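**Q** generate coordinates for the sequence data below:
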Amino acid sequence: MATDSLKKTANKMKYLVTGGAGFIGSHIVDYILAHGDKVVVYDNFSTGKKSFIQHHKNDTNFTLVEGDVLDTKKLSKSMKGVDFVFHMAAHADVRSGFNDHSIDHTQNLEGTQSVLEAMFANGVKKIAFASTSSIYGDAEIHPTPENSPMNPTSLYGATKAACEHYIHAYATYYDWDVYIFRFVSFIGERYTHGIIVDILKKLKDNPKEIDLLSDGTPRKSSIYVLDGVSAMFIGIKKAKDKINVINIGHDDILSVNEIVDIILEAAQSTVKKKYQGGNRGWKGDNNFVHLSNEKLKTFGWKPNLSFKDGIRKTVEWILLHPTS
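**A** As a prediction, the model looks like this:
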């Protein structure tokens, strides 16, 4: 059975966070250091930003390694003495797989296999993995529970599903404790890509009219990043199986049209919207994303921030950090 505590009995835990300078990863790093443990940030800064972790540079519990997860030798060396791996590094641009058929395979699946090999080489037996709601594809049940079939409609979703299977196999071989978190989109401070960034960029480029990729009817759910990070640590603390699969989402759902209206309201804009697509944003997109949180609720978790307020906080942060 998996341990119900994140703490060693005598010494500090030592974590390695791949993608630890990224949007979600940097908040995980904040959480670890705030609880007195050690962390190694491993990031190639392809999308991560040093400004997201700069405030930890003088913390003796913090180590930064600039490296690519595909460099298994360097990753293995950096993982020495680590107790627990958060594997957050990934290629997260879902749309790009339509034109580039190799990037998700290389960055997601091969990158994950490299992490697993580094864990094996160092005898690390605990991993939390950032999976995605995209593995469900166009789910038939909403809210979608963890036992729903994997039917990804994008190469991003397909490679994340494959990563889950690789992790499951290694864990079965070597008796690891695994926490697979299937996310909806996270929003909040340090948000770097997604619909909120896209809409604000369109607004800046053309303050009179913005084009939308869909007809506005797709329905989505997102979670505020600090609520999502707390869900991960509560899941790790409370889940009792060797291999645990846990959805992280929100009970709130909004249409794309409603999401855009809240973004524009927060940005104090009355720009005209022009709908130019169908009932999904792009090939491979899913027009209804709403994950069940019932498992997390049994652990005593619930989000503190509504979907709408999460959007407003994200817009506020982006407007205050235009170059971040």
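**Q** which residues sit against stretch 290-302?
**A** 133, 142-146, 182, 184, 219, 221, 230-231, 234-235, 237-239, 246-251, 253 (C-beta atoms under 8 Å, 6 or more residues apart in numbering). In short, each C-beta sits where N, CA and C put it, glycine included.
**Q** shaky segments in this protein?
**A** Regions of the chain meeting the criterion pLDDT under 70 cover residues 1-10, 324.
**Q** quick check: longest helix of it.
**A** helix 155-174 (DSSP state H).
**Q** show me how far that one is from its chain's centre.
**A** Chain-centre distance of helix 155-174: 16 Å, with C-alpha atoms, centre = their mean, to the nearest Å.
**Q** what does stretch 116-134 give?
**A** Remark: stretch 116-134 is offset 15 Å from the chain centroid, using C-alpha atoms, centre = their mean.
**Q** what of stretch 298-307?
**A** The chain centroid and the centroid of stretch 298-307 are separated by 17 Å under C-alpha atoms, centre = their mean.
**Q** dump that stretch to PDB, restricted to CA.
**A** The C-alpha trace of stretch 298-307 is given here as PDB (Å, rounded to 0.1, in the frame of the first residue of the first chain):
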ATOM      1  CA  THR A 298     -13.900  11.600  -0.800                       C
ATOM      2  CA  PHE A 299     -10.400  12.900   0.300                       C
ATOM      3  CA  GLY A 300     -12.000  16.100   1.600                       C
ATOM      4  CA  TRP A 301     -10.900  18.300  -1.300                       C
ATOM      5  CA  LYS A 302     -12.900  21.100  -2.900                       C
ATOM      6  CA  PRO A 303     -11.800  24.100  -4.900                       C
ATOM      7  CA  ASN A 304     -11.700  27.500  -3.200                       C
ATOM      8  CA  LEU A 305     -12.100  29.600  -6.300                       C
ATOM      9  CA  SER A 306     -14.900  29.500  -8.900                       C
ATOM     10  CA  PHE A 307     -14.200  29.000 -12.600                       C
END
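**Q** and it, what's buried?
**A** Phe299, Trp301, Pro303, Leu305, Phe307 (16 or more other C-beta atoms under 10 Å).
**Q** so which of these belong to helices?
**A** Using DSSP H, these in helices are Phe307.
**Q** with the buried residues of stretch 298-307 in mind, which one is nearest to Lys57?
**A** Ranked by distance to Lys57 (C-beta to C-beta), the buried residues of stretch 298-307 are led by Leu305 at 28.7 Å.
**Q** how many residues are close by Trp235?
**A** Quick fix: residue 235 is Gly, not Trp. The local packing of Gly235 (other C-beta atoms under 10 Å) involves 22 other residues.
**Q** A helix includes it, no?
**A** Yes: with DSSP: H, G, I helix; E, B strand; the rest coil as the criterion, Gly235 is assigned to a helix.
**Q** that one contacts Tyr179, correct?
**A** Yes: counting by C-beta atoms under 8 Å, Tyr179 is a contact partner of Gly235 at 6.0 Å.
**Q** what touches both of these two?
**A** Taking C-beta under 8 Å, 6+ apart as the contact rule, Gly235 and Tyr179 both touch Asn244, Ile246.
**Q** before we move on, back to that, can you put the buried residues of stretch 298-307 in CSV and add distance to Ser76?
**A** Shown next, in CSV, are these (distance: C-beta to C-beta, whole Å):
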residue, distance to Ser76
Phe299, 33
Trp301, 34
Pro303, 37
Leu305, 38
Phe307, 40
